[in-house]
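Asker: I would like to see how this sequence folds:
(one chain, ligands or ions: 2)
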Amino acid sequence: MKQYLALCQRIVEQGKWVENKRTGKRCLTVINADLAYNVEQGEFPLVTTRKSFWKAAIAELLGYIRGYDNAADFRQLGTKSWDANANENEIWLKNPYRKGKDDMGLVYGAIGRRFPKPNGGSIDLLHQIVEDLTQGIDNRGEIYTFYHPGAFDMGCLRPCLHSHHFSLLDGVLYLNSTQRSADVPLGLNWNMVQCYTFLALMAQITGHQAGIAFHKIVNAHIYEDQLEPMRDIQLTREPFPAPTLKINPDIKTLNDLETWVTLADFEVENYQYHPSIQYPFSV
Ligand SMILES: Nc1nc(=O)c2c([nH]1)NC[C@@H]1CN(c3ccc(C(=O)N[C@@H](CCC(=O)O)C(=O)O)cc3)CN21
Ligand SMILES: O=c1ccn([C@H]2C[C@H](O)[C@@H](COP(=O)(O)O)O2)c(=O)[nH]1
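Answerer: Ligands and ions are numbered 1, 2, ... in the order given. Sure thing, here's the model as predicted:
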């Protein structure tokens, strides 16, 4: 939580204004931030200086694990976070690849679980990684990536937190996640939860001890209409101690995650937080 607040403070103090064409808004921006979450010690990186809707963050992660490409499936899991990008973005609405209401197109898990091969067919990247790690194999390229520039014009948004690289060292599982663009007040608050939870889940289903999740962010920004509440409200608050994430120990396989797991299989204990702040969302 302190790392997150330090990044917010750094953007407020040192950020540069950048005009963003896609949203028509200016963003106060810094380049490069490295965050790290100690999953072994159970340091769950949940924002405490406002109420965080952590369940929605885990719902998104489950959707990315399952390869979903439809905002209705995300709603079913427990988050409305893809509704606007699937249904309110003018450019996507006019895109001939859009299959209708709620379609997100080729994004996130829809790419990663069916990564197109240049010579035809596709690869299920996540399945392969789980197989390897379960057998104790780390081929130094265990990367679950959603980043496919050839598919950018076939989806509603380019993936932001786009690659998750797993490593096994001395029986401990590590994760290096890379994010090209972070909406620090909104998206990042969930992305931290996702990196932590993804490592904890992968360690659990492949039978390893979880180590550290390293989270690299390239472009970290605050939209112009989010600056005031961030600077004048959220950054004036003192953080509370980190809460703890509990995951149902009956989750044992990738198939479990794909079939019966719901948000009821996740609990957060000792979550103390300041009152909610509603940040504007830019489509
Ligand atoms: N501009 C922008 N920022 C993002 O963070 C973002 C996108 N676009 N597009 C794709 C996904 C969708 N994400 C979202 C979408 C909505 C919220 C949001 O409204 N969060 C509120 C309320 C959540 C709730 O009530 O469940 C929050 O206070 O966290 C957060 C992340 C993250 N991503
Ligand atoms: O998981 C996510 C998804 C999206 N975001 C943010 C980062 C940007 O503010 C927008 C995407 O806009 P681009 O113009 O494609 O960069 O969504 C996030 O922080 N986390």
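Asker: can you map out the strands along the stretch 151-283 of the chain?
Answerer: 161-169, 172-183, 209-223, 244-247, 266-269 (DSSP state E, counting those that start in this stretch).
Asker: and these as JSON lines, adding mean neighbour count?
Answerer: For every residue, glycine as well, the C-beta is placed using N, CA and C. Below are the strands of the stretch 151-283 of the chain laid out as JSON lines (neighbours: other CB atoms under 10 Å):
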{"stretch": "strand 161-169", "mean neighbour count": "20"}
{"stretch": "strand 172-183", "mean neighbour count": "21"}
{"stretch": "strand 209-223", "mean neighbour count": "21"}
{"stretch": "strand 244-247", "mean neighbour count": "16"}
{"stretch": "strand 266-269", "mean neighbour count": "16"}
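Asker: now those strands as a markdown table including distance to ligand 1?
Answerer: Shown next, in a markdown table, are the strands of the stretch 151-283 of the chain (distance: least, CB to the nearest ligand atom, whole Å):
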| stretch | distance to ligand 1 |
| --- | --- |
| strand 161-169 | 9 |
| strand 172-183 | 3 |
| strand 209-223 | 7 |
| strand 244-247 | 17 |
| strand 266-269 | 14 |
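Asker: enumerate the residues of this structure near ligand 2.
Answerer: Within the chain, the positions near ligand 2 by CB under 6 Å from any ligand atom are 22, 157-158, 160-161, 181-183, 187-188, 191.
Asker: now do the contacts for H162.
Answerer: Neighbouring residues of H162 by CB atoms under 8 Å, 6 or more residues apart in numbering: 145-147, 178-180.
Asker: for the residues you listed, which one is nearest C8?
Answerer: Q179 (15.5 Å; CB to CB).
Asker: just grab the bridge partners of the closest one for me.
Answerer: L161, I217 (DSSP bridges).
Asker: surely it is in contact with C160?
Answerer: Yes. Judged on CB atoms under 8 Å, Q179 makes contact with C160 at a distance of 5.7 Å.
Asker: how long is stretch 81-93 from one end to the other?
Answerer: End-to-end span of stretch 81-93 (CA to CA, to the nearest Å): 17 Å.
Asker: report whether it contacts ligand 1.
Answerer: Yes. With CB under 6 Å from any ligand atom as the criterion, ligand 1 is reached by stretch 81-93 at 81, 85.
Asker: average pLDDT for that stretch?
Answerer: Stretch 81-93 comes out with an average pLDDT of 97.
Asker: same question for stretch 108-116.
Answerer: 98.
Asker: also stretch 19-36?
Answerer: Per-residue scores along stretch 19-36 average to 97.
Asker: in that stretch, what counts as buried?
Answerer: Judged by neighbour count (16 or more other CB atoms under 10 Å), stretch 19-36 contains these buried residues: 25-30, 33, 35.
Asker: how about these in TSV, adding secondary structure?
Answerer: Converted to TSV, these look like this (DSSP: H, G, I helix; E, B strand; the rest coil):
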residue	secondary structure
K25	strand
R26	strand
C27	strand
L28	strand
T29	strand
V30	strand
A33	strand
L35	strand
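Asker: re the thing from before, which neighbours do Q179 and C160 share?
Answerer: N191.
Asker: now do the strands in the stretch 1-150 of the chain.
Answerer: Going by DSSP E, counting those that start in this stretch, the stretch 1-150 of the chain shows strands at 16-20, 25-38, 115-116, 122-123, 142-145.
Asker: looking at those strands, which is nearest to N219?
Answerer: strand 25-38 (6.1 Å).
Asker: can you pull up the bridge partners for the residue lying closest to L227 once chain neighbours are set aside?
Answerer: Nearest residue to L227 in three dimensions, chain neighbours excluded: L28, at 6.1 Å (CB to CB, 6 or more residues apart in numbering). Under DSSP bridges, the beta-bridge partners of L28 are W17, I222.
Asker: how close does N70 sit to ligand 1?
Answerer: For N70, the distance to ligand 1 (CB to the nearest ligand atom, to the nearest Å) stands at 14 Å.
Asker: does that residue really touch G105, like I thought?
Answerer: No. Using CB under 8 Å, N70 makes no contact with G105, being 9.6 Å away.
Asker: which of those two has more neighbours?
Answerer: G105 (22 against 19; other CB atoms under 10 Å).
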